[in-house]
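> attaching a predicted model along with its sequence, questions to come.
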Amino acid sequence: MSTINHLGIIMDGNRRWAKNNGLLPQQGHQKGYNKLLEVGQWCLDKNIKILTVYAFSTENWKRSEKEVGFLMKLLKKALTEEVDKFNKEGIRIKFLGTREKLSKDLIKSIENIEEITKNNKNGVINLCFNYGGRLEIVEAVKEIVKKGFKPEEVTEELITQNTWMGDIGDPELIIRTSGEKRLSGFLTWQSVYSEFYFTNIHWPDFSKQELDKAIKDFENRNRKFGGN
């Protein structure tokens, strides 16, 4: 069993994997989605209760209309086809991100799966979709202002409670695949004391062995949280 309760993953490299294999970007994204389902099961097996993944950033709208359209259809299909599976396994699905620019049909599907799975207790998958870490903080501040709090009443706990993540808890470990060594706006508020693990492996090729390697690396670290 893992000592990690909350794992974050930046699922990078779908397009690079597709290019390396002579495939279209859409085929890379499909393969990446299939990998997410696999990794979710691995996390369950290791008693990792919370999995938060970076699926689509607010910057990803800059990609081609064809690619973005495919990603939206892939998400809609997943929400429709996987809801019974997640519910049967006791997994709660939660979306972190803004609904701006999303179609009404997609928003309805998001709300539907969140409602159906909201009482499930075996684990949580947080999908950061149409997400930006700074935007999350901005929206949290707006909520606090809207609720009428005075400046002297604002605390870290209050900001945390008003983020999209809420008080689920910060990730102990964040993995990023495909060689980049930055967070790119992932969990800006929640990652202050997370440990990081970077691998050159593209997301579709991420394996159970690489997950084990990341967890072992994490468990060998001395986490001081600002102490000596």
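Sure, I can see it.
> OK, contacts around residue 93?
Neighbour list for residue 93: 83, 86, 113, 114, 117, 124, 125, 127 [criterion: Cβ atoms under 8 Å, 6 or more residues apart in numbering]. Backbone N, C-alpha and C define where each C-beta goes, glycine included.
> could you redo the last one with a cut-off of 7 Å?
By Cβ atoms under 7 Å, 6 or more residues apart in numbering, the contact list for residue 93 reads 86, 113, 114, 117, 125, 127.
> ok, these vs residue 145, which is closest?
Within these, the smallest distance to residue 145 is 25.2 Å, found for residue 114 (Cβ to Cβ).
> for the helix or strand of the chain with the lowest mean pLDDT, name the packing helices and strands.
Sorting the helices and strands of the chain by mean pLDDT, DSSP states H and E puts helix 65-88 at the bottom, at a mean of 92. On a contact count with 3 or more Cβ pairs under 7 Å, 6 or more residues apart in numbering; DSSP states H and E, helix 65-88 meets helix 25-45, helix 104-117.
> would you turn these into CSV with mean pLDDT and mean neighbour count?
Putting the helices and strands packed on helix 65-88 into CSV (pLDDT from 0 to 100; neighbours: other Cβ atoms under 10 Å) gives the following:
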stretch, mean pLDDT, mean neighbour count
helix 25-45, 95, 18
helix 104-117, 96, 15
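> sketch out the low-pLDDT regions of this structure for me.
Flagging of the chain using pLDDT under 70 yields the residue ranges 1-2, 225-228.
> sketch out the strands for it, chain order is fine.
Under the criterion DSSP state E, the chain carries strands at the ranges 6-10, 50-57, 91-96, 123-131, 173-176, 195-198.
> for residue 11, see how far away the residue positioned nearest the centre of the chain is.
By Cα atoms, centre = their mean, the chain has its centre lying nearest to residue 53, at 1.9 Å. Going from residue 53 to residue 11 by Cβ to Cβ, to the nearest Å gives 6 Å.
> could you dump the strands of the chain into TSV with distance to residue 213 added?
TSV is the format used below for those (distance: least, Cβ to Cβ, whole Å):
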stretch	distance to residue 213
strand 6-10	14
strand 50-57	17
strand 91-96	25
strand 123-131	22
strand 173-176	10
strand 195-198	8
